[in-house]
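Trainee: below is the sequence, then the predicted model.
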Amino acid sequence: MEISCLLSHIHVGIGEGVSPSAATDLIARTIPIQERSRAVAVVFGGLSFGSVLGYLFAPPIIQNLGWESVFYIFGLLGVIWCIGFESIKELQSTDSEDVLNIEKTSAGSNGLISSPVSLKSSDSSLEEMKDSIKDVPWREFFKSKAVWAMIYVHFCGSWGHYTCLSWLPTFFSEELDLNLTEAAWVSILPPLGSVIITSIAAPFADNLISSGVDTTKVRKICQTIAFLSPAAFMMLSTVDLGLPPWVIVAFLTSGLALSSFALAGLYCTHQDISREYASILLGITNTVGAVPGIVGVALTGYLVDTTHSWSMSLFAPSIFFYLTGTVVWLAFFSSEPQDFNKSALDSLTESNQ
(Lines give C-alpha, C1' and ligand atoms only; values in the text may rest on other atoms or scores of the structure.)
Protein backbone atom coordinates (compact mmCIF):
# COMPACT_ATOMS: atom_id res chain seq x y z
CA MET A 1 0.00 0.00 0.00
CA GLU A 2 2.77 2.44 0.95
CA ILE A 3 4.63 1.69 -2.30
CA SER A 4 1.46 2.29 -4.34
CA CYS A 5 0.82 5.63 -2.65
CA LEU A 6 4.44 6.66 -3.15
CA LEU A 7 4.38 5.79 -6.85
CA SER A 8 1.07 7.57 -7.23
CA HIS A 9 2.50 10.73 -5.67
CA ILE A 10 5.55 10.53 -7.95
CA HIS A 11 3.42 10.28 -11.08
CA VAL A 12 1.16 13.11 -9.94
CA GLY A 13 4.24 15.22 -9.27
CA ILE A 14 5.61 14.52 -12.74
CA GLY A 15 2.34 15.63 -14.31
CA GLU A 16 1.96 18.70 -12.12
CA GLY A 17 5.60 19.66 -12.54
CA VAL A 18 5.31 20.46 -16.25
CA SER A 19 1.84 22.03 -16.30
CA PRO A 20 2.71 25.38 -14.63
CA SER A 21 5.57 25.99 -17.06
CA ALA A 22 3.42 25.04 -20.04
CA ALA A 23 0.67 27.42 -18.91
CA THR A 24 3.21 30.18 -18.27
CA ASP A 25 4.65 29.80 -21.77
CA LEU A 26 1.18 29.99 -23.30
CA ILE A 27 0.31 33.13 -21.33
CA ALA A 28 3.64 34.80 -22.12
CA ARG A 29 3.24 34.27 -25.87
CA THR A 30 -0.46 35.10 -26.25
CA ILE A 31 -1.63 37.50 -23.52
CA PRO A 32 -0.76 41.24 -23.54
CA ILE A 33 0.70 42.70 -20.38
CA GLN A 34 -2.48 44.68 -19.62
CA GLU A 35 -4.41 41.41 -19.27
CA ARG A 36 -1.66 39.20 -17.88
CA SER A 37 -2.68 39.30 -14.21
CA ARG A 38 -6.19 38.12 -15.01
CA ALA A 39 -4.89 35.32 -17.23
CA VAL A 40 -2.50 34.11 -14.53
CA ALA A 41 -5.25 34.40 -11.92
CA VAL A 42 -7.64 32.28 -13.99
CA VAL A 43 -5.03 29.57 -14.60
CA PHE A 44 -3.34 29.35 -11.19
CA GLY A 45 -6.40 30.44 -9.20
CA GLY A 46 -7.94 27.16 -10.27
CA LEU A 47 -5.73 25.48 -7.67
CA SER A 48 -7.65 27.16 -4.86
CA PHE A 49 -10.99 26.50 -6.54
CA GLY A 50 -10.07 22.84 -6.94
CA SER A 51 -9.05 22.64 -3.27
CA VAL A 52 -12.45 23.93 -2.23
CA LEU A 53 -14.24 21.38 -4.40
CA GLY A 54 -11.98 18.62 -3.09
CA TYR A 55 -12.70 19.51 0.54
CA LEU A 56 -16.44 19.59 -0.18
CA PHE A 57 -16.87 16.44 -2.27
CA ALA A 58 -14.17 14.08 -0.97
CA PRO A 59 -15.73 13.38 2.49
CA PRO A 60 -19.19 12.30 1.22
CA ILE A 61 -17.59 10.26 -1.58
CA ILE A 62 -15.38 8.45 0.93
CA GLN A 63 -18.28 7.91 3.31
CA ASN A 64 -20.53 6.38 0.66
CA LEU A 65 -18.13 4.69 -1.76
CA GLY A 66 -14.90 4.14 0.18
CA TRP A 67 -11.58 5.97 0.12
CA GLU A 68 -10.39 4.29 -3.08
CA SER A 69 -13.28 5.86 -5.00
CA VAL A 70 -11.80 9.34 -4.57
CA PHE A 71 -8.74 8.34 -6.59
CA TYR A 72 -10.82 6.68 -9.30
CA ILE A 73 -13.33 9.52 -9.64
CA PHE A 74 -10.84 12.39 -9.56
CA GLY A 75 -8.51 10.47 -11.88
CA LEU A 76 -11.36 9.84 -14.32
CA LEU A 77 -12.24 13.54 -14.29
CA GLY A 78 -8.62 14.28 -15.20
CA VAL A 79 -8.77 11.87 -18.13
CA ILE A 80 -12.04 13.42 -19.36
CA TRP A 81 -10.52 16.91 -19.08
CA CYS A 82 -7.44 15.81 -21.04
CA ILE A 83 -9.55 14.28 -23.84
CA GLY A 84 -11.68 17.43 -24.00
CA PHE A 85 -8.61 19.66 -24.14
CA GLU A 86 -7.09 17.57 -26.93
CA SER A 87 -10.37 17.77 -28.87
CA ILE A 88 -10.38 21.55 -28.61
CA LYS A 89 -6.75 21.69 -29.75
CA GLU A 90 -7.48 19.50 -32.78
CA LEU A 91 -10.48 21.66 -33.65
CA GLN A 92 -8.39 24.82 -33.49
CA SER A 93 -5.68 23.20 -35.62
CA THR A 94 -8.28 22.28 -38.25
CA ASP A 95 -9.65 25.82 -38.25
CA SER A 96 -6.15 27.22 -38.71
CA GLU A 97 -5.51 24.91 -41.67
CA ASP A 98 -8.82 25.97 -43.25
CA VAL A 99 -7.85 29.62 -42.91
CA LEU A 100 -4.49 28.95 -44.57
CA ASN A 101 -6.17 27.06 -47.42
CA ILE A 102 -8.58 29.95 -48.01
CA GLU A 103 -5.66 32.39 -48.00
CA LYS A 104 -3.80 30.29 -50.56
CA THR A 105 -6.89 30.05 -52.77
CA SER A 106 -7.33 33.83 -52.64
CA ALA A 107 -3.67 34.47 -53.47
CA GLY A 108 -2.90 36.65 -56.48
CA SER A 109 -1.33 35.60 -59.72
CA ASN A 110 2.11 35.96 -58.22
CA GLY A 111 1.29 33.07 -55.93
CA LEU A 112 1.77 35.05 -52.72
CA ILE A 113 -0.67 34.76 -49.86
CA SER A 114 -2.73 37.91 -49.52
CA SER A 115 -2.58 37.94 -45.70
CA PRO A 116 0.73 36.45 -44.56
CA VAL A 117 0.67 37.92 -41.03
CA SER A 118 -0.70 34.79 -39.34
CA LEU A 119 1.82 32.57 -41.11
CA LYS A 120 4.68 34.81 -40.14
CA SER A 121 3.52 34.92 -36.53
CA SER A 122 3.17 31.13 -36.38
CA ASP A 123 6.56 30.51 -38.00
CA SER A 124 8.20 33.07 -35.73
CA SER A 125 6.73 31.44 -32.65
CA LEU A 126 7.97 28.01 -33.75
CA GLU A 127 11.45 29.36 -34.45
CA GLU A 128 11.58 31.03 -31.04
CA MET A 129 10.60 27.75 -29.40
CA LYS A 130 13.31 25.83 -31.27
CA ASP A 131 15.93 28.42 -30.35
CA SER A 132 14.94 28.44 -26.69
CA ILE A 133 15.26 24.66 -26.47
CA LYS A 134 18.49 24.59 -28.44
CA ASP A 135 20.45 27.24 -26.59
CA VAL A 136 19.17 28.23 -23.15
CA PRO A 137 21.37 30.93 -21.55
CA TRP A 138 21.44 29.41 -18.07
CA ARG A 139 24.43 31.43 -16.93
CA GLU A 140 22.72 34.70 -17.83
CA PHE A 141 19.66 33.76 -15.78
CA PHE A 142 21.74 33.49 -12.65
CA LYS A 143 23.53 36.76 -13.32
CA SER A 144 20.23 38.63 -13.01
CA LYS A 145 19.32 40.19 -9.66
CA ALA A 146 15.65 40.02 -10.62
CA VAL A 147 15.84 36.26 -11.19
CA TRP A 148 17.52 35.70 -7.82
CA ALA A 149 14.83 37.83 -6.18
CA MET A 150 12.16 35.71 -7.86
CA ILE A 151 13.84 32.49 -6.70
CA TYR A 152 14.03 33.59 -3.07
CA VAL A 153 10.53 35.06 -3.01
CA HIS A 154 9.09 31.88 -4.52
CA PHE A 155 10.83 29.90 -1.77
CA CYS A 156 9.46 32.22 0.92
CA GLY A 157 5.91 32.10 -0.37
CA SER A 158 6.00 28.33 -0.70
CA TRP A 159 7.25 27.97 2.87
CA GLY A 160 4.20 29.73 4.25
CA HIS A 161 1.84 28.00 1.84
CA TYR A 162 3.00 24.41 2.26
CA THR A 163 3.52 24.48 6.03
CA CYS A 164 0.13 26.08 6.66
CA LEU A 165 -1.59 23.77 4.20
CA SER A 166 -0.15 20.74 6.01
CA TRP A 167 -0.32 21.84 9.65
CA LEU A 168 -3.21 24.30 10.07
CA PRO A 169 -5.84 21.53 10.43
CA THR A 170 -3.79 20.06 13.29
CA PHE A 171 -3.33 23.52 14.79
CA PHE A 172 -7.08 24.15 14.65
CA SER A 173 -7.74 20.79 16.29
CA GLU A 174 -5.12 20.87 19.05
CA GLU A 175 -4.63 24.56 19.82
CA LEU A 176 -8.16 25.88 19.23
CA ASP A 177 -9.90 22.72 20.53
CA LEU A 178 -11.90 22.21 17.35
CA ASN A 179 -12.98 18.66 16.66
CA LEU A 180 -11.75 16.97 13.49
CA THR A 181 -14.97 17.69 11.59
CA GLU A 182 -14.87 21.37 12.53
CA ALA A 183 -11.17 21.59 11.71
CA ALA A 184 -11.79 20.02 8.30
CA TRP A 185 -14.55 22.50 7.50
CA VAL A 186 -12.46 25.43 8.71
CA SER A 187 -9.65 24.27 6.41
CA ILE A 188 -11.88 25.12 3.45
CA LEU A 189 -11.89 28.82 4.36
CA PRO A 190 -8.34 29.82 3.24
CA PRO A 191 -8.68 28.47 -0.34
CA LEU A 192 -12.24 29.82 -0.51
CA GLY A 193 -10.95 33.23 0.56
CA SER A 194 -8.18 32.93 -2.04
CA VAL A 195 -10.75 32.50 -4.81
CA ILE A 196 -12.45 35.73 -3.72
CA ILE A 197 -9.23 37.72 -3.30
CA THR A 198 -7.86 36.53 -6.64
CA SER A 199 -10.92 37.94 -8.42
CA ILE A 200 -10.08 41.32 -6.87
CA ALA A 201 -6.27 41.33 -7.11
CA ALA A 202 -5.98 40.49 -10.81
CA PRO A 203 -8.24 43.28 -12.16
CA PHE A 204 -6.64 45.67 -9.65
CA ALA A 205 -3.17 44.99 -11.09
CA ASP A 206 -4.25 45.04 -14.73
CA ASN A 207 -6.15 48.31 -14.28
CA LEU A 208 -3.10 49.96 -12.72
CA ILE A 209 -0.90 48.85 -15.63
CA SER A 210 -3.52 49.95 -18.18
CA SER A 211 -3.67 53.39 -16.54
CA GLY A 212 0.07 53.85 -17.00
CA VAL A 213 1.51 52.75 -13.66
CA ASP A 214 4.95 51.19 -14.02
CA THR A 215 4.77 47.39 -14.20
CA THR A 216 7.58 46.94 -11.69
CA LYS A 217 5.74 49.13 -9.18
CA VAL A 218 2.52 47.14 -9.66
CA ARG A 219 4.28 43.80 -9.16
CA LYS A 220 6.02 45.11 -6.05
CA ILE A 221 2.75 46.42 -4.57
CA CYS A 222 0.91 43.14 -5.16
CA GLN A 223 3.70 40.92 -3.85
CA THR A 224 4.15 43.13 -0.78
CA ILE A 225 0.45 42.75 0.02
CA ALA A 226 0.80 39.00 -0.54
CA PHE A 227 3.59 38.74 2.05
CA LEU A 228 2.91 41.39 4.68
CA SER A 229 -0.76 40.44 5.07
CA PRO A 230 -0.21 36.84 6.26
CA ALA A 231 2.82 37.95 8.30
CA ALA A 232 0.73 40.56 10.14
CA PHE A 233 -2.19 38.21 10.78
CA MET A 234 0.14 35.44 11.96
CA MET A 235 1.71 37.86 14.43
CA LEU A 236 -1.72 38.73 15.77
CA SER A 237 -2.57 35.04 16.06
CA THR A 238 0.56 34.25 18.06
CA VAL A 239 0.12 37.03 20.62
CA ASP A 240 -1.89 35.96 23.67
CA LEU A 241 -4.73 38.47 23.46
CA GLY A 242 -7.39 36.13 24.80
CA LEU A 243 -9.11 36.03 21.43
CA PRO A 244 -11.85 33.46 20.79
CA PRO A 245 -11.03 30.68 18.32
CA TRP A 246 -13.23 32.06 15.55
CA VAL A 247 -11.25 35.35 15.55
CA ILE A 248 -7.94 33.50 15.15
CA VAL A 249 -9.48 31.45 12.34
CA ALA A 250 -10.63 34.69 10.70
CA PHE A 251 -7.14 36.21 11.07
CA LEU A 252 -5.37 33.25 9.50
CA THR A 253 -7.96 32.88 6.76
CA SER A 254 -7.69 36.56 5.86
CA GLY A 255 -3.88 36.47 5.80
CA LEU A 256 -3.63 33.37 3.64
CA ALA A 257 -6.37 34.62 1.32
CA LEU A 258 -4.57 37.93 0.81
CA SER A 259 -1.40 36.01 -0.09
CA SER A 260 -3.18 35.32 -3.40
CA PHE A 261 -2.09 38.79 -4.47
CA ALA A 262 1.08 36.91 -5.47
CA LEU A 263 -0.78 35.81 -8.61
CA ALA A 264 -0.63 39.44 -9.71
CA GLY A 265 2.92 39.76 -8.37
CA LEU A 266 5.51 36.98 -8.51
CA TYR A 267 3.57 34.69 -10.86
CA CYS A 268 3.36 37.34 -13.58
CA THR A 269 7.01 38.33 -13.44
CA HIS A 270 8.40 35.38 -15.41
CA GLN A 271 6.39 36.56 -18.42
CA ASP A 272 7.24 40.20 -17.74
CA ILE A 273 11.02 39.90 -17.88
CA SER A 274 11.29 37.31 -20.67
CA ARG A 275 8.53 36.26 -23.02
CA GLU A 276 10.78 33.67 -24.63
CA TYR A 277 12.11 32.04 -21.46
CA ALA A 278 9.13 32.54 -19.13
CA SER A 279 8.43 28.82 -18.82
CA ILE A 280 12.05 27.99 -18.01
CA LEU A 281 12.27 30.78 -15.44
CA LEU A 282 9.14 29.47 -13.73
CA GLY A 283 10.66 25.99 -13.81
CA ILE A 284 13.71 27.33 -11.97
CA THR A 285 11.81 29.27 -9.31
CA ASN A 286 9.17 26.56 -8.92
CA THR A 287 11.83 23.89 -8.36
CA VAL A 288 13.30 25.91 -5.50
CA GLY A 289 9.76 26.67 -4.33
CA ALA A 290 9.04 22.96 -4.00
CA VAL A 291 11.78 22.50 -1.36
CA PRO A 292 9.65 23.86 1.54
CA GLY A 293 7.03 21.26 0.68
CA ILE A 294 9.58 18.64 1.76
CA VAL A 295 11.90 20.34 4.21
CA GLY A 296 9.50 22.90 5.65
CA VAL A 297 6.68 20.49 6.40
CA ALA A 298 9.01 17.96 8.04
CA LEU A 299 10.88 20.63 10.01
CA THR A 300 7.62 22.09 11.29
CA GLY A 301 6.55 18.69 12.59
CA TYR A 302 9.92 18.22 14.28
CA LEU A 303 9.71 21.65 15.92
CA VAL A 304 6.16 21.00 17.13
CA ASP A 305 7.30 17.77 18.79
CA THR A 306 10.36 19.34 20.41
CA THR A 307 9.15 22.83 21.37
CA HIS A 308 5.41 22.13 21.81
CA SER A 309 4.91 25.69 20.55
CA TRP A 310 2.90 26.43 17.43
CA SER A 311 4.14 30.01 17.48
CA MET A 312 7.78 28.95 17.24
CA SER A 313 7.35 25.97 14.94
CA LEU A 314 4.68 27.06 12.43
CA PHE A 315 4.26 30.82 12.52
CA ALA A 316 7.72 32.23 13.36
CA PRO A 317 9.53 30.66 10.36
CA SER A 318 6.73 31.73 8.00
CA ILE A 319 6.79 35.29 9.35
CA PHE A 320 10.57 35.38 8.94
CA PHE A 321 10.41 34.30 5.30
CA TYR A 322 7.49 36.62 4.51
CA LEU A 323 9.36 39.64 5.91
CA THR A 324 12.76 38.86 4.39
CA GLY A 325 11.09 37.99 1.11
CA THR A 326 9.43 41.40 1.06
CA VAL A 327 12.75 43.16 1.66
CA VAL A 328 14.50 41.22 -1.12
CA TRP A 329 11.60 41.82 -3.50
CA LEU A 330 11.51 45.57 -2.96
CA ALA A 331 15.29 45.89 -3.12
CA PHE A 332 16.22 43.76 -6.12
CA PHE A 333 13.25 42.96 -8.33
CA SER A 334 12.47 44.69 -11.63
CA SER A 335 9.92 43.78 -14.30
CA GLU A 336 12.00 45.36 -17.06
CA PRO A 337 12.25 42.90 -19.99
CA GLN A 338 15.67 41.28 -20.21
CA ASP A 339 17.32 40.00 -23.36
CA PHE A 340 19.18 37.00 -21.99
CA ASN A 341 20.34 35.98 -25.47
CA LYS A 342 21.99 39.36 -26.02
CA SER A 343 23.67 39.18 -22.61
CA ALA A 344 24.99 35.72 -23.44
CA LEU A 345 26.29 36.95 -26.81
CA ASP A 346 27.99 39.95 -25.19
CA SER A 347 29.65 37.68 -22.61
CA LEU A 348 30.85 35.36 -25.37
CA THR A 349 32.25 38.29 -27.36
CA GLU A 350 34.11 39.64 -24.35
CA SER A 351 35.63 36.23 -23.57
CA ASN A 352 36.92 35.91 -27.14
CA GLN A 353 38.61 39.30 -27.13
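Mentor: Yep, that arrived. Numbers count the residues shown, from 1 in each chain.

Trainee: where does pLDDT dip in the stretch 251-353 of the chain?
Mentor: For the stretch 251-353 of the chain, applying pLDDT under 70 flags the ranges 343-353.

Trainee: helices or strands next to whichever strand or helix holds residue 267 in the packing?
Mentor: Per DSSP states H and E: residue 267 is located in helix 266-273. Here helix 266-273 touches helix 2-30, helix 36-44, helix 145-174, helix 215-238, helix 278-289, going by 3 or more Cβ pairs under 8 Å, 6 or more residues apart in numbering; DSSP states H and E. Placement of C-beta: from N, CA and C, glycine included.

Trainee: centre of the chain to the first one, how far?
Mentor: Right, helix 2-30. 12 Å (Cα atoms, centre = their mean, to the nearest Å).

Trainee: ok, back up a step: among the helices and strands packed on helix 266-273, which is nearest residue 202?
Mentor: Residue 202 lies closest to helix 36-44 among the helices and strands packed on helix 266-273, at 3.6 Å (Cβ to Cβ).

Trainee: and the angle for the closest one with helix 2-30?
Mentor: Here helix 36-44 runs at an angle of 160 degrees relative to helix 2-30 (axes from the mean of the first three to the mean of the last three Cα atoms, to 10 degrees).

Trainee: residue 48 contacts residue 196, doesn't it?
Mentor: No - look at residue 48 against residue 196 with Cβ atoms under 8 Å: they stay out of range, at 9.4 Å.

Trainee: out of these two, which sits in the busier spot?
Mentor: Taking other Cβ atoms under 10 Å, residue 48 and residue 196 do not tie; residue 48 has more neighbours (22 against 12).

Trainee: the more buried one: which element?
Mentor: helix 46-65.

Trainee: contacts only, for residue 222.
Mentor: 37, 201, 204, 205, 261, 262, 264, 265 (Cβ atoms under 8 Å, 6 or more residues apart in numbering).

Trainee: ok, so of the residues you listed, who is nearest residue 76?
Mentor: The closest of the contacts of residue 222, once distances to residue 76 are taken by Cβ to Cβ, is residue 262, at 31.7 Å.

Trainee: my guess is residue 171 contacts residue 315, does it?
Mentor: No - Residue 171 lies out of contact with residue 315 (Cβ under 8 Å); the separation is 9.1 Å.

Trainee: now the two most distant members of the contacts of residue 222.
Mentor: So, those by Cβ to Cβ: farthest apart are 204 and 262, at 13.1 Å.

Trainee: tell me which of the two has more neighbours.
Mentor: Per other Cβ under 10 Å, whichever of residue 204 and residue 262 has more neighbours is residue 262, with 24 against 16.

Trainee: that older thread, and residue 60, which of the helices and strands packed on helix 266-273 is closest to it?
Mentor: Using Cβ to Cβ, the helices and strands packed on helix 266-273 put helix 145-174 closest to residue 60, at 18.2 Å.

Trainee: buried set for that closest one?
Mentor: For helix 145-174, the neighbour count (16 or more other Cβ atoms under 10 Å) marks 146-173 as buried.

Trainee: surely residue 43 and residue 23 touch.
Mentor: Yes - with contacts counted by Cβ under 8 Å, residue 43 reaches residue 23, the gap being 4.9 Å.

Trainee: what residues does the closest residue in space to residue 301 that isn't next to it in sequence make contact with?
Mentor: In this structure, residue 301 finds its nearest non-sequential neighbour in residue 167, 7.4 Å apart by Cβ to Cβ, 6 or more residues apart in numbering. Neighbour list for residue 167: 297, 300, 301, 304, 314 [criterion: Cβ under 8 Å, 6+ apart].

Trainee: okay, those in a markdown table with distance to residue 31 next?
Mentor: Shown next, in a markdown table, are the contacts of residue 167 (distance: Cβ to Cβ, whole Å):
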| residue | distance to residue 31 |
| --- | --- |
| 297 | 33 |
| 300 | 37 |
| 301 | 40 |
| 304 | 42 |
| 314 | 37 |
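
Trainee: show the buried residues in these.
Mentor: By neighbour count, with 16+ other Cβ under 10 Å, those hold 297, 300, 301, 304, 314 as buried.

Trainee: now these as CSV including distance to residue 59 and secondary structure?
Mentor: What follows is those, written out as CSV (distance: Cβ to Cβ, whole Å; DSSP: H, G, I helix; E, B strand; the rest coil):
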residue, distance to residue 59, secondary structure
297, 23, helix
300, 25, helix
301, 24, helix
304, 25, helix
314, 25, helix
